[in-house]
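Trainee: What follows is a protein structure lacking sequence information:
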C-alpha cells in the first residue's frame, strides 16, 4: 500500500512537472535588462521576447520562426548590436494553446522585461497576446499572423506579413486566371479563425471574379474521419479545392482525397508551409499549390544571403515563416536604431514609421493599420519540393 | 447536386459508415467491459488508444518497416505486438492506480482515471517517448485498392477496419459467453462479492478485463493512425474519438458488449449518413454540415431521455 501511494504521488508530481515544464526560455532577465520606468539603464543586454508554439500541432511554425530570429540576432550582435548593446532573445513556448500564450506574453513583459515582443504565427494566439502587450504598452510584432483582426487590437500591435483578405484574393485570382477554374470547393477548419477567415475571403473574391463555389465543407482540426465531406466535394465536381487549413491536417486530407478519387487541384494558404507537409501527404502532395510569403529560390541578394546563412546555421532550407521571423526581427532592429529611446512609446512610433523596408519577403511599408503592404507568391509542390509558380502583386 | 444520390455514392457512404462504426466499436468495447465489471468510467481509455497508435509506430520503426515496400507480415506483427504491449499497459495501470481504490468511493477512482489520462497524455509528449509533432505511419502499409464494385473502389484500410472489427468482436463474444473466464467475468459483473465467495478470483478477472479492453483499444488506435495519421498523445482529437466511443457505449447500454457494437454503428450511421445526405440536401447552408458532432451528441441526449439504460441495456434499480 505504501509503495502504491508513493507511486501515485510520483505519478502526480511527474504529471505536474510535464504540464508546467514547457518553458524553453533561456534563463532569467539577463542582468540589467532594464528595471522599467524612466531610470532604464542604457547598458546591458536588450531583451526581446518571443512567444511561439515550439511544441504542439504547429510546432514547426514556432521553431522555424525562432531559429530565424536567433539568426538575425546573431548577425546583428556580430555587427555590434543595437545602440552599442547586445540583443538577447527570450523564447517562451505556448504549445499552440491560447491559455499558455497569455501566460507567455505576461511573463515576457513582467518577468523578463522585454522591450518588445515578437509572435505569434497562429492568428488565434496573436489575438490572445496582442491585448496583453497593448495594455502593458510594449510593442508587439507578429511575424506571420494573417487574420485582419490581429492588429485591430490596438496601436502597439504590428505585423510584417500580408493579410488574409489579400491572401484569399491572391488564391482566388490564381485559381481563376492561372488554373482556369470556374468551379471551386472549399474545405476549411471550423475551429481555426485563420482557416474560416481565409475561406470566406476566398469565397468572396472567387465569386466576384465570376467563379462558382460548388460546395463549402467544414472539418474540425485533428478530427479527420471526413469521408462524407470528401464525398460531397467529389460529387460536386469541383476543379479546385481550396483547403486553408494548417499543414498537419492538410497533409492527411490531401492523401485521403487522392484515395477517395478526387482529382481536382488543391490550393492552400501559408499554413501549408512546413517541411512536414510532404512527409505526411507523401506522393499525393505533388501538383498542388499554396500561397506564401516568399520562395527560397527567388533571385534577390536578401533572399540568397538569408537562405545561405540559415542553411549554414541549421542545415535546412528556411520556410516562409522563418523568412517572416527574420524580417520581423530586422524591422524591430531598424526601428530600435531610429527610436530616440527603447521606451514602449518611442519604439512603437519608430515601428509605425517604417517605410520601404526591404527584407527577405520583399519591400514593404507599415501602413496606418500597422499592417505590411506587400505581394505574395504561389508555390507548387513538384517531386515533394516547393517550386515558385507565380508572384501576385497587390490589388 | 444530382451526383450525390447515385447508387455508387450510397455504396461508398455505406463503406465509410461501416469503417467508422467498426473503429468506434473497438474503442467502445473497452469502456463497456470495464464499466460492466467495475462500474466506473475509465477516462484513460482514449489515451491507451493514442498510445496504441504511437506504440505501433515505434514497433514498426524497430522492424524497419517505415519505408515503402514493407513486407506483408509487417502489419500483423505490429498489430499483435502493440495489442500485447497495450494489454500489459492496461493491466499495469489497473494494478497501480485503480486496484488500491477498489473499496474507495467511486468518485475517487473517477478522479484517479482523469489523473492517469493526463499523465499518459503528457508523458507521451516527451521526446523520450513519442514527441510533440504530428507524424504518419502510412508507409507501413499502402492503402491499395482491393476491388472495384459499381464504380466504387474498395480500399484496404476500410476493409481492414471492418474485417478486423468483426473478427475481434466475435472473439470477444466467444470469450465472454463461451469460456470459463467469460463466465467468471459475468459473475463478477453481476455481483462481485458473491462471485468471490464462490471461488472466483476477482483480481484475475479484473486484470483480464483490462488486458482485453486495452488490446482492443490498441487495435482501434492502429487503425485510426493508419487512416488519419498520428497526432500527439495530448491532442484533442484522441479525446474526441474516445468521447464518441464512450457515447456509443452509453447509447448501446453501458456494460453490454453487443450494445457497444450496436451503439457504435448507430453513432457512425448518424455521423456519416446524416452528414452526407442532410448536408447534400442543403448545398447553400454549410452550417448544416458543421453540426456533425452535434448530431452525435444529440442522439446521446435522446437515448438518455427515452431509454436511459441504453438501447440494449437492462433497466436496473439503483442499490441504495
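Mentor: The structure has been received and is ready for your questions. Owing to the predicted nature of the structure, the values given are computational and were not obtained by experimental measurement. Residues are numbered from 1 along each chain as shown, chains lettered A, B, ... in the order given.
Trainee: which SSE is the residue of the stretch 151-300 of chain B found nearest chain A in?
Mentor: Relative to chain A, the nearest point of the stretch 151-300 of chain B is residue B:237 (3.1 Å; C-beta to the nearest C-beta). All C-beta spots, glycine's among them, are computed from the backbone N, C-alpha and C. For residue B:237, the host element (DSSP states H and E) is helix B:236-252.
Trainee: helices or strands next to that helix in the packing?
Mentor: Packed against helix B:236-252, as judged by 3 or more C-beta pairs under 8 Å, 6 or more residues apart in numbering or on different chains; DSSP states H and E, are the following elements: helix B:7-38, helix B:45-62, helix B:202-228, helix B:257-269, helix B:292-306.
Trainee: Quick check: mean pLDDT of that helix?
Mentor: Average pLDDT, helix B:236-252: 91.
Trainee: Tell me the gap between it and the middle of its chain.
Mentor: 8 Å (C-alpha atoms, centre = their mean, to the nearest Å).
Trainee: so it versus helix B:202-228, what angle?
Mentor: Orientation check (axes from the mean of the first three to the mean of the last three C-alpha atoms, to 10 degrees): helix B:236-252 against helix B:202-228 gives 120 degrees.
Trainee: Buried residues, stretch A:367-383. List them.
Mentor: By neighbour count with 16 or more other C-beta atoms under 10 Å in any protein chain shown, stretch A:367-383 contains the buried residues A:370-372, A:374-381.
Trainee: where do the strands sit along the stretch 201-350 of chain A?
Mentor: For the stretch 201-350 of chain A, the strands defined by DSSP state E, counting those that start in this stretch occupy A:212-219, A:240-242, A:265-268, A:289-292.
Trainee: Now tabulate those strands in a markdown table and tack on distance to residue B:265, mean neighbour count and mean pLDDT.
Mentor: Compiled in a markdown table, the strands of the stretch 201-350 of chain A are given as follows (distance: least, C-beta to C-beta, whole Å; neighbours: other C-beta atoms under 10 Å in any protein chain shown; pLDDT from 0 to 100):
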| stretch | distance to residue B:265 | mean neighbour count | mean pLDDT |
| --- | --- | --- | --- |
| strand A:212-219 | 22 | 22 | 91 |
| strand A:240-242 | 30 | 28 | 97 |
| strand A:265-268 | 32 | 24 | 96 |
| strand A:289-292 | 38 | 28 | 94 |
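Trainee: can I get those in TSV with distance to chain B?
Mentor: TSV is the format used below for the strands of the stretch 201-350 of chain A (distance: least, C-beta to the nearest C-beta, whole Å):
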stretch	distance to chain B
strand A:212-219	4
strand A:240-242	13
strand A:265-268	16
strand A:289-292	18
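Trainee: Export the ones you listed to CSV and append columns for distance to residue A:131.
Mentor: Listed next are the strands of the stretch 201-350 of chain A as CSV, based on distance: least, C-beta to C-beta, whole Å:
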stretch, distance to residue A:131
strand A:212-219, 28
strand A:240-242, 31
strand A:265-268, 29
strand A:289-292, 28
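Trainee: Burial check on the residue nearest to residue A:168 when sequence neighbours are not counted, number of neighbours?
Mentor: Residue nearest to residue A:168 in three dimensions, not counting chain neighbours: residue A:201, with 2.7 Å by C-beta to C-beta, 6 or more residues apart in numbering or on different chains. Using other C-beta atoms under 10 Å in any protein chain shown, residue A:201 has 23 neighbouring residues.
Trainee: What confidence value was assigned to residue A:201?
Mentor: On the pLDDT scale, residue A:201 gets 95.
Trainee: Could you verify my assumption that it touches residue A:162?
Mentor: No. At 11.5 Å, residue A:201 does not count as touching residue A:162 under the criterion of C-beta atoms under 8 Å.
Trainee: Just confirm residue A:69 contacts residue A:87, I think it does.
Mentor: No. Using C-beta under 8 Å, residue A:69 makes no contact with residue A:87, being 9.9 Å away.
Trainee: In terms of pLDDT, where does residue A:269 sit?
Mentor: Note on residue A:269: pLDDT of 94.
Trainee: Give the closest residue to it in space, chain neighbours not counted.
Mentor: The spatially closest residue to residue A:269, leaving aside those adjacent along the chain, is residue A:244, at 4.5 Å (C-beta to C-beta, 6+ apart).
Trainee: That neighbour is in contact with residue A:201, isn't it?
Mentor: No. Contact criterion C-beta under 8 Å: residue A:244 and residue A:201 do not qualify, at 9.0 Å.
Trainee: Need the overlap of contacts for these two.
Mentor: Shared contacts of residue A:244 and residue A:201 (C-beta atoms under 8 Å, 6 or more residues apart in numbering or on different chains): residue A:168.
Trainee: What parts of the stretch 251-395 of chain A come near chain B?
Mentor: Neighbours of chain B within the stretch 251-395 of chain A, by C-beta under 8 Å from any C-beta of the partner chain: A:251-252, A:255-256, A:259, A:261, A:276, A:279-280, A:282.
Trainee: One more pass at 7 Å, please.
Mentor: Contact residues, the stretch 251-395 of chain A versus chain B (C-beta under 7 Å from any C-beta of the partner chain): A:252, A:255, A:259, A:261, A:276, A:279-280, A:282.
Trainee: Was I right to think the residue nearest to residue A:168 contacts residue A:166?
Mentor: No. Using C-beta atoms under 7 Å, residue A:201 makes no contact with residue A:166, being 8.2 Å away.
Trainee: circling back: could you measure from the residue nearest to residue A:168 over to chain B?
Mentor: Distance, residue A:201 to chain B, using C-beta to the nearest C-beta, to the nearest Å: 15 Å.
Trainee: coming back round to it: which one of the helices and strands packed on helix B:236-252 has the lowest average pLDDT?
Mentor: Minimum mean pLDDT among the helices and strands packed on helix B:236-252: helix B:292-306, a mean of 87.
Trainee: and that one, which residues are buried?
Mentor: If you call a residue buried by 16+ other C-beta under 10 Å, then helix B:292-306 has these buried ones: B:292, B:295-296, B:299-300, B:303.
Trainee: biggest separation within these, which pair?
Mentor: B:292 and B:303 (18.1 Å; C-beta to C-beta).
Trainee: So stretch B:129-140, near chain A or not?
Mentor: Yes. Looking at stretch B:129-140 against chain A by C-beta under 7 Å from any C-beta, the contacts come from B:132-134, B:136, B:138.
Trainee: And the contacts of that stretch?
Mentor: For stretch B:129-140, the external contacting residues (C-beta atoms under 7 Å, 6 or more residues apart in numbering or on different chains) are A:55-57, A:59, A:248, A:255, A:276, A:279-280, A:282, B:54, B:56-57, B:60, B:65-68, B:70, B:74-75, B:78, B:123-125, B:225-226, B:229-233.
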